[in-house]
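[1] following is a predicted model, sequence given first.
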Amino acid sequence: MSSPLSLESIQLAYETPRGLHTVVNDFSLSLRAGEIACLFGPSGCGKTTVLRAIAGFEPLRAGTIRLGDVLLSSTQVHLPPEQRRVGMMFQEYALFPHLSAGQNVAFGLRRSSRAQQRARVAEMLALVGLADAGERFPHELSGGQQQRIALARALAPSPALLLLDEPFSNLDGGTRERLTAQVRGILQRAGQTAILVTHNEAEAHAMADRIGVMHGGRITHWLDTAK
């Protein structure tokens, strides 16, 4: 089941030979369960760093990250990524070439029984509109189909939150536009809480309920997309 997300005054910084370099500072965000938000801004504004912190790949210098009632990160607490119930979908689809589409979707379900895996894989393939593609291998799928299989794999373990980092950037314009609408519909049907990171304005408006415009490591303002 999806969960609400709360980031309170987080700070992310790196040690450099010249001292501490702050990438994100006094950053706050609140997301309702089932809501799709977007962090929008130019390269280097800190949006992907925020995603990495939520996923557990970056420690906090200040602030807190909570998912539902669970404290994921603070200056004293840092749950490892595998304990966060956070799914991620990257611009590189990262499908395993030696596994079929169905086997790729099942990859995160290794703790489930084989019967449970088969049922969940069938459910996810149907959700992304590729019910008949389970036996096909990644090289036999188009770019858009590979992306939907990657989405099915990310959703299969029922994450409380899904993070999407520039997931459409490797697609041509027509495929990107079509797939953006499809993915939003899939996330809505799944009731999935999600955050998208992009520097493509049309993509942000097509995907998200709310857009946080970022500059210099902070959200300068929010835009409602009025869907």
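    Received the coordinates, thanks.
[2] strands of the chain, residue ranges please.
    With strands called from DSSP state E, the chain shows them at 5-16, 19-31, 36-40, 62-67, 70-73, 86-89, 161-165, 194-198, 210-215, 218-224.
[3] output the ones you listed in a markdown table; the columns should cover mean neighbour count, mean pLDDT and distance to residue 188.
    In short, each C-beta sits where N, CA and C put it, glycine included. Below are the strands of the chain laid out as a markdown table (neighbours: other C-beta atoms under 10 Å; pLDDT from 0 to 100; distance: least, C-beta to C-beta, whole Å):
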| stretch | mean neighbour count | mean pLDDT | distance to residue 188 |
| --- | --- | --- | --- |
| strand 5-16 | 17 | 94 | 17 |
| strand 19-31 | 16 | 93 | 15 |
| strand 36-40 | 24 | 96 | 8 |
| strand 62-67 | 20 | 98 | 20 |
| strand 70-73 | 20 | 98 | 24 |
| strand 86-89 | 22 | 90 | 16 |
| strand 161-165 | 23 | 94 | 12 |
| strand 194-198 | 26 | 95 | 10 |
| strand 210-215 | 19 | 94 | 14 |
| strand 218-224 | 13 | 92 | 16 |
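[4] looking at those strands, which is closest to residue 131?
    Across the strands of the chain, residue 131 has its closest neighbour in strand 86-89 (20.1 Å, C-beta to C-beta).
[5] pipe the strands of the chain into a markdown table and attach distance to residue 204 per row.
    Converted to a markdown table, these look like this (distance: least, C-beta to C-beta, whole Å):
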| stretch | distance to residue 204 |
| --- | --- |
| strand 5-16 | 18 |
| strand 19-31 | 15 |
| strand 36-40 | 4 |
| strand 62-67 | 22 |
| strand 70-73 | 25 |
| strand 86-89 | 16 |
| strand 161-165 | 11 |
| strand 194-198 | 5 |
| strand 210-215 | 5 |
| strand 218-224 | 8 |
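[6] show me the one of those that comes nearest residue 132.
    strand 86-89 (22.2 Å).
[7] summarise which helices and strands that closest one is packed against.
    If you count contacts as 3 or more C-beta pairs under 8 Å, 6 or more residues apart in numbering; DSSP states H and E, strand 86-89 packs onto helix 47-55, helix 143-155, strand 161-165.
[8] the domain parsing of this protein - what is it?
    With domains defined by the TED database, the chain comprises 1-84+158-226, 95-156.
[9] any idea which of the helices and strands packed on strand 86-89 has the lowest pLDDT on average?
    For the helices and strands packed on strand 86-89, mean pLDDT drops lowest on helix 143-155, to a mean of 90.
[10] now that helix - C-alpha only, PDB.
    C-alpha atoms of helix 143-155 as PDB (Å, rounded to 0.1, in the frame of the first residue of the first chain):
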ATOM      1  CA  GLY A 143      12.000   1.100 -26.100                       C
ATOM      2  CA  GLY A 144       8.500   2.000 -24.900                       C
ATOM      3  CA  GLN A 145       7.700  -1.600 -24.100                       C
ATOM      4  CA  GLN A 146      11.000  -2.000 -22.200                       C
ATOM      5  CA  GLN A 147      10.200   1.000 -20.200                       C
ATOM      6  CA  ARG A 148       6.800  -0.400 -19.300                       C
ATOM      7  CA  ILE A 149       8.400  -3.700 -18.200                       C
ATOM      8  CA  ALA A 150      10.800  -1.700 -16.100                       C
ATOM      9  CA  LEU A 151       7.800   0.000 -14.500                       C
ATOM     10  CA  ALA A 152       6.100  -3.300 -13.900                       C
ATOM     11  CA  ARG A 153       9.200  -4.600 -12.200                       C
ATOM     12  CA  ALA A 154       9.400  -1.500 -10.000                       C
ATOM     13  CA  LEU A 155       5.700  -1.900  -9.000                       C
END
